[in-house]
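Novice: Please work out how this folds:
(chains A and B)
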Amino acid sequence: MYGKGLRTLSIATVAALAAALSLIFFYAPLDADQGFIQKIFYLHVPLSIVALLGFVAGGVYAILHLRSGERRWDAYSYVCIHLSVIFAVGVLITGSIWAKASWGHWWVWDEPTLVSFLIVFLLYATYYPFRYAIEDPERQARYASVFAVTAGAFVPLNFLAVRLAESLVHPRVFATTAGGLPGSMMLAFLVSIAAMALLWVTLVKLELTAKSASGQLKRLRRALDAPAPGAPSRVAPEV
Amino acid sequence: MPALPLDEAGKYVAGAYVVFVVLLAVYVAIMAAKLQRIERELRELARFAEQRNGERERERVTTDV
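Specialist: This next block holds a predicted model:
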């Protein structure tokens, strides 16, 4: 059920990524201030936007789970958070590389954008030990959903707090004053966001498909009264 | 800081994009391993079901005789 449309989505993702890379390296002009190093921006910023939206999506699915009690919403929430944590690792590493190249330091502690993103990442890094510390699947799903809702609400608040902060060391993408991105750069940037969003959706669908197949397999094993395979897996949510 | 020369900036840009590709490749490899495990378990389960059906069939034939 979850695998339906996965092939089309994968093809669309590959096409979008190819288009984004072509625009980044062959269409968008070099930045007057940062030069070639600014090309990291087209990877780093879309990754961070998609990761943060993914955390919020995880919170929304957690609300659906708490309202309806349906386990599939918990699995959706889990997968969204899982993928966003992976994207967030990418954001932190690419951000550090960019910082080293343009500021001369791998990390700057007095820059609110960096520190706030690290806080969000560390917050979600505690999701796994928190979740797997609870053995009962029902309680585990419920508590994980409460966590996802609380943390998901923290993400936009955190974003707003950073926006209100005064430091302007970290570049602003959508500046409210003059000096925002020129058209060609904006096009490359928007296509990059679309490609990254498509990649995230494809990977979420892939993981949900694997979880669904695993769940169906367990049901089949129970129905056939077959012996369990090797080592028991941790209590991960199933679809 | 002034903009880095192309040869030096290129290393950083390549590094960032390689990190992204490696991260993606590791994730896809883990998912592929998971799917392989599911496929193997499914094969074992099919063999188990066939074996059990064979035993039942033999039992039925013995009872009929």
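Novice: And A:Asp110, which helix or strand is it part of?
Specialist: Here A:Asp110 sits in a region with no helix or strand, counting by DSSP states H and E.
Novice: Return the per-residue confidence for it.
Specialist: pLDDT recorded at A:Asp110 is 84.
Novice: And the closest residue to A:Pro112 other than its chain neighbours, how far from A:Val201?
Specialist: Excluding the flanking residues, the one nearest A:Pro112 by C-beta to C-beta, 6 or more residues apart in numbering or on different chains is A:Ala165, at 4.2 Å. In this view, the C-beta of every residue, glycine as well, is placed from N, C-alpha and C. Distance of A:Ala165 to A:Val201, computed by C-beta to C-beta, to the nearest Å: 31 Å.
Novice: neighbour-wise, which of these two wins?
Specialist: A:Val201 (17 against 13; other C-beta atoms under 10 Å in any protein chain shown).
Novice: pretty sure the more buried one is touching A:Leu9, no?
Specialist: Yes. Here A:Val201 reaches A:Leu9: they are 6.7 Å apart, a contact under C-beta atoms under 8 Å.
Novice: for chain A, what are the nearby residues on chain B?
Specialist: By C-beta under 8 Å from any C-beta of the partner chain, the part of chain B that sits against chain A consists of B:1, B:3-4, B:6, B:9-10, B:12-13, B:15-17, B:19-20, B:23-24, B:27, B:31, B:34-35, B:38, B:41-42, B:44-45, B:48-49, B:52.
Novice: cutoff 6 Å now
Specialist: Residues of chain B lying near chain A by C-beta under 6 Å from any C-beta of the partner chain: B:3-4, B:6, B:9, B:12-13, B:15-16, B:19-20, B:23, B:27, B:31, B:34-35, B:38, B:41, B:45, B:48-49.
Novice: Could I have the buried ones of the residues you listed as ChimeraX selection syntax?
Specialist: To isolate the buried ones among the residues of chain B next to chain A in ChimeraX, judged by 16 or more other C-beta atoms under 10 Å in any protein chain shown, type:
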select /B:3,4,9,12,13,15,16,19,20,23,27,34,38,41,45
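Novice: so what's the residue in chain A that chain B sits nearest to bridging to?
Specialist: When scored by C-beta to the nearest C-beta, chain A has A:Gly35 as its residue closest to chain B, at 3.3 Å. Per DSSP bridges, the residues bridged to A:Gly35 are A:Asp31.
Novice: Roughly how far does it sit from A:Tyr124?
Specialist: Distance from A:Gly35 to A:Tyr124, by C-beta to C-beta: 34 Å.
Novice: again with B:Leu24
Specialist: For B:Leu24, the distance to A:Tyr124 equals 19 Å [C-beta to C-beta].
Novice: Distance check, A:Ile81 against A:Val204.
Specialist: 10 Å.
Novice: what does A:Ile97 give?
Specialist: 26 Å.
Novice: Which one's more surrounded, those two?
Specialist: Counted by other C-beta under 10 Å, A:Ile97 and A:Val204 do not tie: A:Ile97 has more neighbours, with 24 against 20.
Novice: Please state the offset of the host helix or strand of that one from the chain centre?
Specialist: A:Ile97 is located in helix A:71-103, with elements delineated by DSSP H and E. Using C-alpha atoms, centre = their mean, to the nearest Å, the mean C-alpha position of helix A:71-103 is found 5 Å from that of the whole chain.
Novice: And A:Gly35 and A:Tyr124? Which one has more around it.
Specialist: Neighbours per residue, other C-beta under 10 Å: of A:Gly35 and A:Tyr124, the larger number sits with A:Tyr124, 24 against 18.
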